[in-house]
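> Got a predicted structure plus its sequence, pasted below:
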Amino acid sequence: MGGLVGALGSSAATALAIHEDGGTSATSLADVVGSIARKQLAPLAGAIDEGTVYPEEVLRRLGEAGAWGSHVPQDGPADLRCAIEAMAAIGEVCGATAFMAWCQNTLVWYVANSTNLKLARRFGDSFAAGRLLGGTGLSNPMKSFFGIEKLKLKGRKVDGGYVVRGALPWVSNLGPDHFFGTIFEREDAPGETVMFLADCADPAITLQPCKPFLAMDGTGTYGVQFRDVFVPDELILAEQAAPFVKKIRAGFILLQAGMALGLIKDCIDVMDQVGSPLGHINRYLPQQPVQFKELFSELERETMALARDPLNPDETYWRRVIALRLRAGDASVAAAHAAMLHCGARGYLKSHRAQRRLREAYFVAIVTPATKQLRKMLADA
């Protein structure tokens, strides 16, 4: 991977310089990101939730600060700890933006692990620095590889690349100048799959607005149509998608822990904030902040242990990743549910973040891989 790492440029190297000192470095990046989140993102959280704002400028500012480049390998093993810490700091303020952070970090993860050096030189540093934004596009493929859905995109080999057609129902963190990674099945070679970067600026690609969601409508989520899109060889992430997905899958899933950790931490804070005025009655509730603090510490420890080695091919490691992700989704819903009950009627107001946190928590539980898929994956592993 050394040649590819060299191709990714200075922004990723700067972010990793924060990261190589161990625990102190992770804290420093999370602190910088947390400051941006509290000052620039917090005032937008309600509008992002409602879908009136897509926080493009904040995402770019976070990229400049190193939030999207810390997990790019630099002359050593990959390490996701800084990226997850930074995403959790974002998630304490806004779950929707933490999800977009995961989208951007995952896009960087694809490029960092591709053997297409031309693609890495062209896009690696721009994605890592937030100059170019984008999404993951692997919801349907991830379900396909685990026997839940069929691939929705089809492609055929032509001179200099492939022609791709089909439609994806939901891809997030998109805009007219964004990119995302996804996978098609070859019509001319049944059973073979190819992973590539899709360019939203291509006139043969159409972004279609989705119906309103329960929450997080400002995440740049669209249905995407491919009408005989020419994908040049320069945009191919992996000619053989299946082994590539097996390589990057643990990182794909582990990065989602940042969404859960940030949300759980803020739900604990919500419960603590109402402890003084409502503690005399809240003590009768079965779930208390101290229990979630213990659970948070357990999840954080396991996340950081696994995040040190995201390319570990061992099947026992893979099962731990799946089990952690399942626990994180369940814990998110439980913590947000408890926060609502601790707040009582005040949490039921649209102006209170407790109800937003509950809606965001359900997203953590259903975003691919969803709770039911994770349980199937554990059963199959």
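In hand now; what should we look at? Numbering: from 1, shown residues only.
> just checking, what packs against the host helix or strand of Gln373?
Using DSSP states H and E, Gln373 falls within helix 371-380. Helix 371-380 is packed against helix 315-343, with contacts defined by 3 or more CB pairs under 8 Å, 6 or more residues apart in numbering; DSSP states H and E. In short, each C-beta sits where N, CA and C put it, glycine included.
> Next, the angle from the helix holding Gln373 to helix 315-343.
For helix 371-380 and helix 315-343, the angle between their directions (axes from the mean of the first three to the mean of the last three CA atoms, to 10 degrees) works out to 150 degrees.
> Would you mind pulling the contact partners of stretch 135-149?
102-104, 106-107, 110, 150-153, 168-174, 178-183, 193, 195, 198, 220, 224, 241-242, 245, 249, 252, 368-369, 373, 376-377, 380 (CB atoms under 8 Å, 6 or more residues apart in numbering).
> Pull out the buried members of the residues you listed.
Among the contacts of stretch 135-149, those classed as buried by 16 or more other CB atoms under 10 Å are 102-104, 106-107, 110, 151-153, 168, 170-174, 178-183, 193, 195, 198, 220, 224, 241, 245, 249, 252, 368-369, 373, 376-377.
> And the pLDDT for the residue positioned nearest the centre of the chain?
The residue lying closest to the centre of the chain (CA atoms, centre = their mean) is Trp102, at 2.1 Å. Per-residue pLDDT puts Trp102 at 98.
> where's it relative to Ala96, distance?
Distance, Trp102 to Ala96, by CB to CB, to the nearest Å: 11 Å.
> where does Arg165 land in three-state SS?
strand (DSSP: H, G, I helix; E, B strand; the rest coil).
> nope, Ala215 is what I was after
Assigned with three-state DSSP, Ala215 falls in the coil class.
> Give the full set of residues in contact with the nearest residue to it once chain neighbours are set aside.
Nearest residue to Ala215, sequence neighbours excluded (CB to CB, 6 or more residues apart in numbering): Arg359, at 3.6 Å. Contact partners of Arg359, counting by CB under 8 Å, 6+ apart, are Asp49, Leu214, Ala215, Met216.
> okay, the closest residue in space to the second one that isn't next to it in sequence: pLDDT?
Nearest residue to Leu214 in three dimensions, chain neighbours excluded: Arg359, at 5.3 Å (CB to CB, 6+ apart). Per-residue pLDDT puts Arg359 at 97.
> Mind telling me what element Arg359 is part of?
helix 353-366.
> now the angle from that helix to helix 371-380?
Interaxial angle, helix 353-366 versus helix 371-380 (the same axes, to 10 degrees): 40 degrees.
> Only the buried residues of helix 353-366, if you could.
353-365.
> just the strands in the stretch 201-350 of the chain please.
In the stretch 201-350 of the chain, the strands defined using DSSP state E, counting those that start in this stretch lie at 205-209, 222-232, 236-238.
> Reformat those strands into a markdown table and put mean pLDDT next to each item.
Shown next, in a markdown table, are those (pLDDT from 0 to 100):
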| stretch | mean pLDDT |
| --- | --- |
| strand 205-209 | 97 |
| strand 222-232 | 98 |
| strand 236-238 | 98 |
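> How about Ala101, nearest residue that isn't a chain neighbour?
In space, Ala101 is closest to Met87, 4.7 Å off (CB to CB, 6+ apart).
> ok, that neighbour - how many residues close by?
32 (other CB atoms under 10 Å).
> low-scoring stretches of the stretch 201-350 of the chain, by residue?
Filtered on pLDDT under 70, the stretch 201-350 of the chain yields no residues whatsoever.
> Please report the number of neighbouring residues for Arg165.
17.
> is it in a bridge, and if so with what?
Arg165 has these beta-bridge partners by DSSP bridges: Lys154.
> How about the contacts made by it?
Leu153, Lys154, Gly155, Phe226, Arg227, Asp228, Val229.
> ok, and the most crowded of these?
Gly155 (27 neighbours).
> thought it was touching Arg186?
Yes - contact criterion CB atoms under 8 Å: Gly155 and Arg186 qualify, at 5.8 Å.
> what sits in contact with each of these two?
In contact with both Gly155 and Arg186: Tyr162, Val194, using CB under 8 Å, 6+ apart.
> so what's Arg346 up against?
Arg346 touches Val274, His352, Ala354, counting by CB under 8 Å, 6+ apart.
> Mind putting the strands of the stretch 201-350 of the chain into CSV with distance to Leu133?
Converted to CSV, these look like this (distance: least, CB to CB, whole Å):
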stretch, distance to Leu133
strand 205-209, 13
strand 222-232, 13
strand 236-238, 17
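> Of those, flag the one that's most buried.
Highest mean neighbour count among the strands of the stretch 201-350 of the chain (mean count of other CB atoms under 10 Å): strand 236-238, with a mean of 22.
> Strand partners (parallel or antiparallel) of that one?
In its sheet, and by DSSP bridges, strand 236-238 pairs with strand 193-199 (antiparallel).
> Could you tell me the average pLDDT over the partner strand, please?
Mean pLDDT, computed over strand 193-199, is 98.
> how long is stretch 84-101 from one end to the other?
10 Å (CA to CA, to the nearest Å).
> Report the buried residues of that stretch.
84-101.
> cool, stretch 324-342 as well?
Buried positions in stretch 324-342, judged by neighbour count with 16+ other CB under 10 Å: 324-340, 342.
> And stretch 117-125, by the same measure?
For stretch 117-125, by 16+ other CB under 10 Å, it's Leu119, Ala120, Arg122, Phe123, Gly124, Asp125.
> And the residues you listed, which is closest to Leu62?
Leu62 has its nearest neighbour among the buried residues of stretch 117-125 in Asp125, at 15.5 Å by CB to CB.
> Enumerate every residue touching the residue nearest to Asn113 when sequence neighbours are not counted.
Of all residues beyond its chain neighbours, the one nearest Asn113 is Ile248 (5.1 Å), with distances taken as CB to CB, 6+ apart. With contact set as CB under 8 Å, 6+ apart, Ile248 has these partners: Trp109, Tyr110, Asn113.
> now those as CSV including distance to Asp31 and pLDDT?
Shown next, in CSV, are the contacts of Ile248 (distance: CB to CB, whole Å; pLDDT from 0 to 100):
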residue, distance to Asp31, pLDDT
Trp109, 23, 98
Tyr110, 28, 98
Asn113, 28, 96
